[in-house]
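[1] Give me coordinates for this.
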Amino acid sequence: MKRLSKKVIGRTILLMLVTGLFLSGCATSHQGDVSKPREPFFSKQDQGDVAEDPILDQKLPEMTAEELEALGDRHFKGKDYYLAYLQYSKALKLNPDNGRLQYKQGMLFLAGAKYKDAAKAFAGVIEKEPANPAAHEGMGTALFEARDYDRAIPHFQKALELSPRSWKARNFLGNIYDFQKQYEKAAREYAEAILLKPENAMLYNNLGVSLSLAGRYEESIKAFKQALSADGQKQKVFNNLGMVLARTGRYDAALEAFKHGSDNARAYNNLGCVLMAKGDYQKAAQAFNKAIAASPKFYEKAYDNLKKVELGSVR
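    Numbers count the residues shown, from 1 in each chain. The predicted model follows:
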């Protein structure tokens, strides 16, 4: 088997950590954010047998498209996607040319991870309203989630042309450029998004990731520290900061950052992974042994990493 260079291994380790993969060891997985399991989009509870009631059998007055839309909005807000879909569909039958309804249906499909259906809904809006920036952003998002990045880019760009203050479109473009290893372009998009949404910690974190992947470590450390000073989840940011500090040889500071982002066992394991990627097998072994000592029952993954170190040190 062809051996990977330390540079390639280091770059792989970096991608694994910034996406949260080191929290359970040095195992590989596909890149992307980890989402909570979604409930089935079209799910209904069994209501059982319903007794006949002459009052219930009376014909109720028909709802207007506006009333159906409002009812769908309430179901959507409550994350009852099936009932929301039903109400929007009924409203669209009464008013098939309503682009707002089609857009809401597209957002509903996005929330339910039905990306092809979402793209179809947004395409219908764009056909009627080609200058609708929200529809282009929605279409770009659907294509992004389907990993069709090349087709997503022009829709995000069109959304920005029509609505230059769309920080979400810039963030998505940054994500795509990161996946395409165009880190400088990604960093520029995140920097522009920060100007529009300076209180958003995620944007600083994403900027830090791009700068670190581009080898601009000191700038990335500054971005991660800005992310920590803003509101938002800090666990991933601390792990990303620890990764860059470790890559620049500041192991004590890296360990402290890892500890803030997780527990002691994971912190030592993360440090060991970085040291192993850099070829410092002796220090990596020490870190993995400390991970095992910190949580011998839970952190069995560190044993596997230690074996990898032993194999690598004898080559």
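[2] where does Asp231 fall, phi/psi-wise?
    Asp231 adopts backbone torsions of phi -70, psi 140, taken as degrees, to the nearest 10.
[3] Just give the nearest non-adjacent residue to it, would you?
    In space, and not counting its chain neighbours, Asp231 is closest to Ala201: 6.0 Å by C-beta to C-beta, 6 or more residues apart in numbering. C-betas here are computed from N, CA, C, even on glycine.
[4] distance of the one you found from Ile194?
    Going from Ala201 to Ile194 by C-beta to C-beta, to the nearest Å gives 10 Å.
[5] I'd assumed Lys225 was in contact with the residue nearest to Asp231.
    No. Look at Ala201 against Lys225 with C-beta atoms under 8 Å: they stay out of range, at 11.1 Å.
[6] So for those two, which residue has more residues nearby?
    Neighbours around Ala201 and Lys225, counted as other C-beta atoms under 10 Å, are more numerous at Ala201. The numbers are 19 against 13.
[7] If we go by neighbour counts, what in stretch 89-105 is buried?
    The neighbour-count check on stretch 89-105 (16 or more other C-beta atoms under 10 Å) flags 90-92, 98-99, 101-105 as buried.
[8] let me redo that: stretch 200-217
    Neighbour-count burial for stretch 200-217 [16+ other C-beta under 10 Å]: 200-214, 216-217.
[9] C-alpha coordinates for it, CSV please?
    The C-alpha trace of stretch 200-217 is given here as CSV (Å, rounded to 0.1, in the frame of the first residue of the first chain):
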residue,chain,number,x,y,z
ASN,A,200,-22.1,35.3,14.5
ALA,A,201,-19.6,32.9,16.1
MET,A,202,-20.0,30.3,13.4
LEU,A,203,-18.6,32.7,10.7
TYR,A,204,-15.5,33.4,12.7
ASN,A,205,-15.0,29.6,13.2
ASN,A,206,-15.4,28.9,9.5
LEU,A,207,-13.0,31.7,8.7
GLY,A,208,-10.5,30.1,11.1
VAL,A,209,-10.8,26.8,9.5
SER,A,210,-10.2,28.2,6.0
LEU,A,211,-7.2,30.2,7.2
SER,A,212,-5.7,27.1,8.9
LEU,A,213,-6.2,25.0,5.9
ALA,A,214,-4.4,27.7,3.9
GLY,A,215,-1.5,27.5,6.3
ARG,A,216,-2.2,31.0,7.8
TYR,A,217,-2.1,29.7,11.3
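[10] Walking through the stretch 1-150 of the chain, point out its helices one by one.
    6-18, 65-77, 81-94, 99-111, 115-128, 133-145, 149-162 (DSSP state H, counting those that start in this stretch).
[11] any idea which of the ones you listed is most buried?
    helix 133-145 (a mean of 24; mean count of other C-beta atoms under 10 Å).
[12] Counting by contacts, list what that one packs against.
    Packing partners of helix 133-145 (3 or more C-beta pairs under 8 Å, 6 or more residues apart in numbering; DSSP states H and E): helix 99-111, helix 115-128, helix 149-162, helix 167-179.
[13] If we use 6 Å, what do you get?
    When contacts are defined as 3 or more C-beta pairs under 6 Å, 6 or more residues apart in numbering; DSSP states H and E, helix 133-145 packs onto helix 115-128, helix 149-162.
[14] circling back to that earlier point, ok, the residue nearest to Asp231 to Asn240 distance?
    With C-beta to C-beta as the criterion, Ala201 and Asn240 are 12 Å apart.
[15] same question, Asp148
    Distance of Asp148 to Asn240, given as C-beta to C-beta: 27 Å.
[16] More neighbours: the two, which one.
    Asn240 (27 against 14).
[17] can you count the residues close to Ile176?
    Count around Ile176 with other C-beta under 10 Å applied: 22.
[18] And for Val274?
    Burial measure for Val274: 27 neighbouring residues, criterion other C-beta under 10 Å.
[19] Give me the secondary structure label for it.
    helix (DSSP: H, G, I helix; E, B strand; the rest coil).
[20] is it true that it touches Val244?
    No. If you go by C-beta atoms under 6 Å, Val274 and Val244 don't touch, sitting 9.7 Å apart.
[21] can you pull the pLDDT of Leu17?
    On the pLDDT scale, Leu17 is placed at 43.
[22] typo on my end, it should be Pro37
    pLDDT for Pro37: 36.
[23] try the one 4 residues further on
    On pLDDT, Phe41 comes in at 52.
[24] do the same with Gln102
    Listed pLDDT for Gln102 reads 94.
[25] Relative to His155, how far out is it?
    Distance, Gln102 to His155, by C-beta to C-beta: 16 Å.
[26] just His75 next, same as before
    27 Å.
[27] again, but for Ser220
    Distance from Ser220 to His155, by C-beta to C-beta: 29 Å.
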